[in-house]
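J.: Can you look at this prediction? I've put the sequence above it.
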Amino acid sequence: MVTFNDLAREKFSGIGSLAEGFESLVRTWGLSSELTGDIITPLQASGWRGDAAERASVTIVKVRNEIDAAFEEASGIAKALRSAHTEFTAARADLDAAVKKATDQSMTVDHSTGRISWPAPKSAVDKSDPEQYHATFKKLAEEVAGDIAKALKRAATADAAAVAALSAVTGKDKTAFKPAPNNPEEQAKQAADLLKLAGNLTDGQLDQLNKALKEHANDPRFTTAFYQNLGPDGFLKYYGQLALASADKGGRRPQAIEDLQKNLGTALATATNTRNYPRLSDEWEAGLRRAGSARADVFLPGKRGNVSAQPFGYQILTNILRTGTYDAHFLNPIAEHVTQLSQMKGFWTSAPWIDGDFDQLKFLGHPGGSRQGGFNPMSGVLEALAHNPQAALQYFHDPATAYDLDGSVKALNQKNTYFDVLAKGGDDSPLQDVWKGHYFPGGHAEPSGALAFGHALESAATGRAFDAPQDTPLPQHTPEMSKLMKEVVDRFGNTDGPSLLRKDGAFADLAPSLGHLTAGYMGDVQKAVTQYDKLLTTYGSPAGLEPDSTAKLLGALGRNPEAFGAVAQAQQAYTTAHIQDIMLNREAHGAQFGQAVNNAAHSGGAVAGILTAARTDTLVGELKGQEKAYNDSIDRNAMWGKSLWSMTGGKLLGAVPVVGPGLSLPVNYFIDHEASSYHISLNTADPATKADIAGLAGATGAAKTAVENAAQGTGLTPLQVEDLSTGAANQSWDGVTGGAGLFIRAVNG
């Protein structure tokens with residue numbers, strides 16, 4: 001990736017000089033002719049014969065071939081460097097032209113980040129119509145941003161082309177000029193042969209296998225050939241035997257096995273991607289499902305372990321699936337098959353298993369040999385779905401396919417009940433731990449299973465992978481996404497749902513992801529809590545959340561520090577953006593302009609009231625001394641405030657404008673500052689009172705500040721701004737106290 005700063009500060013003179021040096025070397029190359037004239041021709045004319053002459057001849061031919069290969073390599077390097085220099089300098093010229101275009105229009109481009117800004121209106125004409133002024137500059141800034149993006153793309157393309165060209169001409173053999181054979185299929189066979197050594201693989205061979213898989217993880221030719229060589233059942237068996245044999249080994253072996261599990265996952269994602277060619281066939285994938293529902297021969301006769309306690313193939317595979325982004329065409333049949341098998345009571349358990357067997361099979365669990373998760377394949381398969389929002393949504397929404405025990409298709413277009421099945425507690429839950437002697441009482445989902453369930457739901461209903469970079473934009477909610485969100489709120493905001501999310505509840509580890517989901521649907525949440533405010537906007541298709549279940553879910557999430565931080569950040573950002581949108585369009589509200597601002601503040605306050613009342617109640621009861629956890633969560637979840645700000649299009653007048661996916665520094669500061677007002681003072685003997693006050697101050701302060709910032713450039717007098725901002729703060733106060741009252745009367749009841 002080439003950044004603005006990279007391209008702006010580099011002159012590329014070094015690449016130019018290097019290209020010129022290699023070109024000069026090629027032009028003046030004389031080694032081949034010198035070898036022929038000074039050595040080969042005289043020897044041939046000498047009449048030298050015999051064994052020594054034959055050996056000398058072979059050596060001389062090798063030398064000549066190396067010299068010829070060196071010439072070809074030098075020529076290739078010269079061409080690659082010259083092409084790179086030409087494209088880089090052209091991209092730099094394009095960037096300079098874009099910056100000049102901005103400067104000519106009185107705009108400023110930050111050379112560290114590429115962010116574009118423009119001055120505040122100065123003339124009377126500009127001040128008379130600030131909206132038109134900012135709209136004009138915004139359009140110009142977007143044009144410049146487009147030119148900058150094209151220049152950076154040109155440089156990035158040149159960079160990638162240079163890497164590919166240099167790799168092709170130099171090869172990987174450091175002992176000879178002539179590149180070593182670089183056939184991906186041959187290298188894949190070598191790697192597969194190493195894995196087939198299974199428990200007999202040495203540390204050096206394991207390192208070699210990891211190196212090959214890592215280097216070729218994104219090469220369809222290598223990865224497809226690798227898995228074809230192993231076969232579906234062989235792949236699972238050989239890896240299982242290797243990991244089992246490594247269970248008691250120390251040193252760097254555990255880390256190497258952990259790396260191998262990840263590398264196998266990344267390679268499998270490449271080999272099964274329908275956009276790649278070649279890829280593994282549907283028949284190979286069907287064979288993998290068949291191997292997944294059968295036991296893999298991991299414990300071998302005569303070796304340590306119980307040969308009658310073999311794990312299922314899926315208990316190996318789904319932990320490999322934790323790494324990589326898998327195509328829905330490959331992943332969803334596995335996910336559906338595993339879910340259906342998990343509904344068969346006791347399917348994944350095995351009577352002959354003993355605790356010692358589990359210790360040897362620790363490679364199945366989380367990295368580092370954690371004694372939690374891994375034996376129930378639902379945990380790994382849900383984590384795999386969580387990396388692909390499209391696959392996750394299809395899993396929870398689309399008509400289901402029924403599979404036979406061996407993974408073959410039994411029936412199409414069946415009713416999809418996967419969410420209902422997974423969200424049901426009790427002893428029959430598919431998310432139960434299956435570790436012998438490691439049972440969670442009361443129908444608890446194993447922690448890793450509940451966590452993975454939350455990750456998959458978060459990915460499906462927000463359209464953003466749960467572990468995506470923080471600046472990844474949230475897509476518009478589709479009807480399918482919103483339908484799933486409503487199902488989530490109806491389930492965990494009704495009957496036993498809220499209690500399942502409490503500290504000791506069966507789905508306690510699900511609460512953080514439900515907090516992220518609620519943050520992503522803040523418009524729908526506020527619309528449900530204050531159902532008579534028709535001006536509240538949603539992001540895409542409305543979810544149509546029920547008021548009572550929404551309020552109860554908010555109360556449950558307020559008890560969880562991680563969930564609280566995400567929802568609080570989103571509530572602040574959404575309310576602020578909504579108030580400022582009203583301020584920017586005040587003419588449309590006419591005489592009711594002030595009331596519209598107050599309504600927006602009241603809606604946000606109601607949500608904040610339920611949240612903070614739940615936090616206060618929790619700090620007095622089950623989570624005493626957790627004030628710092630709440631404060632840290634607010635800071636850690638700033639991404640949700642910024643995502644909501646971007647979704648609603650909130651802008652601060654007078655701030656550096658947003659161009660592209662990022663937020664201006666003033667907006668970043670504003671969101672961080674306002675959300676931090678929810679912090680609880682740690683130096684107090686009465687945290688409950690401090691928590692109440694912090695909740696009130698956070699919501700009311702944000703409402704007041706939102707009005708003050710949005711009023712810049714609107715022509716309102718300072719007195720009018722003060723009246724409006726104070727009114728918004730008071731309405732927010734009423735909303736907070738009303739929400740808190742609702743929590744005490746109904747939600748907590």
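T.: In hand now; what should we look at?

J.: center of the chain, which residue is that?
T.: Central residue of the chain (CA atoms, centre = their mean): Ala468, 2.0 Å from the mean position.

J.: domain ranges for the chain?
T.: Domain assignment for the chain, taken from automatic domain parsing, gives 4-110+127-170, 184-468, 550-747.

J.: hey, which of those is tucked in deepest?
T.: domain 550-747 (a mean of 21; mean count of other CB atoms under 10 Å). Just so you know, the C-beta spots here come from the backbone N, C-alpha and C atoms, and that holds for glycine as well.

J.: and that one, average pLDDT?
T.: Average pLDDT, domain 550-747: 70.

J.: circling back: tell me which of the domains of the chain sits nearest to Tyr521.
T.: domain 184-468 (7.8 Å; CB to CB).

J.: what's the spacing between that closest one and its chain's center?
T.: On the basis of CA atoms, centre = their mean, to the nearest Å, domain 184-468 sits 20 Å off its chain's mean C-alpha point.

J.: model confidence over it, on average?
T.: Mean per-residue pLDDT for domain 184-468: 86.

J.: How about stretch 511-520?
T.: Mean pLDDT, stretch 511-520: 95.

J.: what residues does that stretch touch?
T.: Under the contact criterion CB atoms under 8 Å, 6 or more residues apart in numbering, stretch 511-520 has outside partners 451, 453-455, 457-458, 461-462, 464, 466, 474, 485, 488, 492, 501, 525, 539, 553-554, 556-557, 559-560, 562-567, 569-570, 637, 640, 643-644.

J.: so how far is the longest helix seen in the chain off the chain centroid?
T.: Secondary structure of the chain per DSSP state H: the longest helix is helix 51-104. The chain centroid and the centroid of helix 51-104 are separated by 37 Å, computed with CA atoms, centre = their mean.

J.: What helices and strands are in contact with it?
T.: On a contact count with 3 or more CB pairs under 8 Å, 6 or more residues apart in numbering; DSSP states H and E, helix 51-104 meets helix 4-9, helix 13-27, helix 31-35, helix 41-46, strand 108-109, helix 130-170.

J.: okay, the angle between the second one and helix 51-104?
T.: An angle of 150 degrees separates the directions of helix 13-27 and helix 51-104 when computed by axes from the mean of the first three to the mean of the last three CA atoms, to 10 degrees.

J.: Counting by contacts, list what helix 13-27 packs against.
T.: Helix 13-27 sits against helix 51-104, with contacts defined as 3+ CB pairs under 8 Å, 6+ apart.

J.: could you check the angle helix 130-170 makes with the helix it packs on?
T.: 170 degrees.

J.: got the phi/psi numbers for Ala296?
T.: The phi/psi pair for Ala296 (degrees, to the nearest 10) reads phi -90, psi 140.

J.: Could you do Leu201 as well?
T.: phi -70, psi 130.

J.: right, and it touches Leu209 too?
T.: Yes: with contact defined as CB atoms under 8 Å, Leu201 counts as touching Leu209 (7.3 Å).

J.: list the residues that contact both of those two?
T.: Contacts common to Leu201 and Leu209, judged by CB under 8 Å, 6+ apart, are Leu194, Leu195.

J.: picking that back up, assign the residue nearest to the centre of the chain to helix, strand or coil.
T.: coil (DSSP: H, G, I helix; E, B strand; the rest coil).

J.: So what are the sheet partners of the longest strand belonging to the chain and their directions?
T.: Secondary structure of the chain per DSSP state E: the longest strand is strand 409-414. With DSSP bridges as the test, strand 409-414 is paired with strand 400-403 (antiparallel).

J.: where along the stretch 201-350 of the chain do the strands fall?
T.: Shown for the stretch 201-350 of the chain, no strands are assigned by DSSP state E, counting those that start in this stretch.

J.: show me where it has helices.
T.: Secondary structure of the stretch 201-350 of the chain, counting by DSSP state H, counting those that start in this stretch: helices at 203-215, 220-230, 232-245, 253-271, 282-292, 313-320, 328-342.

J.: And the pLDDT at Pro22?
T.: Pro isn't right for residue 22; it's Phe. Phe22 carries a pLDDT value of 74.

J.: Can you tell me how far it is from Ala267?
T.: 35 Å (CB to CB, to the nearest Å).

J.: Could you do Asp617 as well?
T.: To Ala267, Asp617 is 49 Å away according to CB to CB.

J.: sec struct for Leu545, please.
T.: coil.

J.: That one and Val525 touch, don't they?
T.: Yes: Leu545 is within contact range of Val525, at 6.6 Å (criterion: CB under 8 Å).
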